[in-house]
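Participant: next one to model:
(one chain, ligands or ions: 1)
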Amino acid sequence: DTRHGAILYLDDVTVSFDGFRALNKLTLDIGVGELRCIIGPNGAGKTTMMDVITGKTRPDSGSVFFGQTIDLTRHTEPEIAQLGIGRKFQKPTVFEAMSVHDNLALALAGNKSVWASLRSRLTGAQRDRIGELLATIRLTEQHQRQAGLLSHGQKQWLEIGMLLAQEPQLLLLDEPVAGMTDAETEKTAELLLTLKGKHSLMVVEHDMDFVGSIAQKVTVLAEGSVLAEGSLAQVQADERVIEVYLGR
Ligand code: ADP
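Facilitator: So this is what the prediction gives:
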């Protein structure tokens, strides 16, 4: 049973758009505490897969299990976020006019309005949590800086911190190091490695050096299905993988 010990199990998932199969009987599982990288050429179905997991797209058939019992295909997008799945899109979305600290305070406040959460005083526990989050995302020194003035990499880390404030069990990250400098990419690798274990992570990424530096196991998607799975070295040596990357 491939579901045993899995935080996420996609079972035979198919998604069609006007007869075109963006996902074609996709079966894939991620272990609890695992950091999995997903690679694959453009059009492979990576975004569609994340849309299915987060409830943005409903599959034509198949199931998506979160833990052992919850079928995500029966839940709405906001419910899935509440269940403990955080998604980060490529472009950082932080409150640019507010400080790093206040961005994290808002994320901790969750559903309350911006106005209500800024007016209410933080509890000691919330202050401690913000301190921990700042240390995790390495922005302690920048906590009073306006988020709009951060570097691109720092904004990405802040957004990861805002997701972590909601204590997700599973984090889905879409090209987290796109546009980063080499130094920022390296720091991001360190950050994600510290999250592994405590959280499960699914990272879609094109930067193969980065993938090699964080992932034990890599899944290659092509034409809506899993083409290969294994270490980066294994999948890069796989002729079918080489073909889908070169043959387009
Ligand atoms: P990837 O993220 O791996 O580049 P996508 O999941 O974005 O792949 O897309 C997979 C395929 O599905 C592509 O051929 C894309 O054109 C198609 N597709 C994705 N979303 C839609 C949509 N809403 N309507 C029609 N076709 C779509």
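Participant: how many neighbours does Pro20 have?
Facilitator: You called it Pro, but residue 20 is Phe. Neighbour count for Phe20, taken as other Cβ atoms under 10 Å: 9. Using the backbone N, CA and C atoms, a C-beta is placed for each residue, glycine as well.
Participant: just give me the residue closest to the centre of this structure.
Facilitator: By Cα atoms, centre = their mean, the chain has its centre lying nearest to Leu172, at 1.7 Å.
Participant: contacts only, for that one.
Facilitator: Neighbouring residues of Leu172 by Cβ atoms under 8 Å, 6 or more residues apart in numbering: Met50, Ile53, Thr54, Ile85, Gly86, Arg87, Lys88, Leu201, Met202, Val204.
Participant: of the residues you listed, which belong to strands?
Facilitator: Secondary structure assignment by DSSP state E places Ile85, Gly86, Arg87, Lys88, Leu201, Met202, Val204 of those in strands.
Participant: pLDDT wise, what is the residue nearest to the centre of the chain at?
Facilitator: Turning to Leu172, the model gives it a pLDDT of 98.
Participant: tell me the residues of the chain that contact the ligand?
Facilitator: Residues of the chain lying close to the ligand by Cβ under 6 Å from any ligand atom are Phe17, Ala22, Gly40, Asn42, Gly43, Ala44, Gly45, Lys46, Thr47, Thr48.
Participant: could you measure from the fourth one over to Lys217?
Facilitator: Right, the one you point to is Asn42. 22 Å (Cβ to Cβ, to the nearest Å).
Participant: wait, doesn't Gly230 sit right on Gln236?
Facilitator: No - if you go by Cβ atoms under 8 Å, Gly230 and Gln236 don't touch, sitting 9.4 Å apart.
Participant: just to revisit the earlier point, hang on, the residue nearest to the centre of the chain is in a strand, isn't it?
Facilitator: Yes - the assignment for Leu172 (DSSP: H, G, I helix; E, B strand; the rest coil) places it in a strand.
Participant: of the ones in strands among the contacts of Leu172, which is the nearest to the ligand?
Facilitator: Nearest to the ligand among the ones in strands among the contacts of Leu172, counting by Cβ to the nearest ligand atom, is Val204 at 7.2 Å.
Participant: after the helix or strand bottoming out on mean pLDDT in the chain comes which helix or strand?
Facilitator: Across the helices and strands of the chain, mean confidence by mean pLDDT, DSSP states H and E is lowest for helix 114-119: a mean of 65. Counting by DSSP states H and E, the element after helix 114-119 in chain order, helix or strand, is helix 124-136.
Participant: keeping just the C-alphas, turn that following helix into CSV.
Facilitator: Listed next in CSV are the C-alpha coordinates belonging to helix 124-136 (Å, rounded to 0.1, in the frame of the first residue of the first chain):
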residue,chain,number,x,y,z
GLY,A,124,3.6,36.8,24.6
ALA,A,125,3.3,33.5,22.7
GLN,A,126,2.7,35.4,19.5
ARG,A,127,5.7,37.6,20.0
ASP,A,128,7.8,34.4,20.7
ARG,A,129,6.5,32.8,17.6
ILE,A,130,7.3,35.8,15.5
GLY,A,131,10.9,35.8,16.9
GLU,A,132,11.2,32.1,15.9
LEU,A,133,9.9,32.7,12.5
LEU,A,134,12.3,35.7,11.9
ALA,A,135,15.2,33.4,12.9
THR,A,136,14.0,30.6,10.7
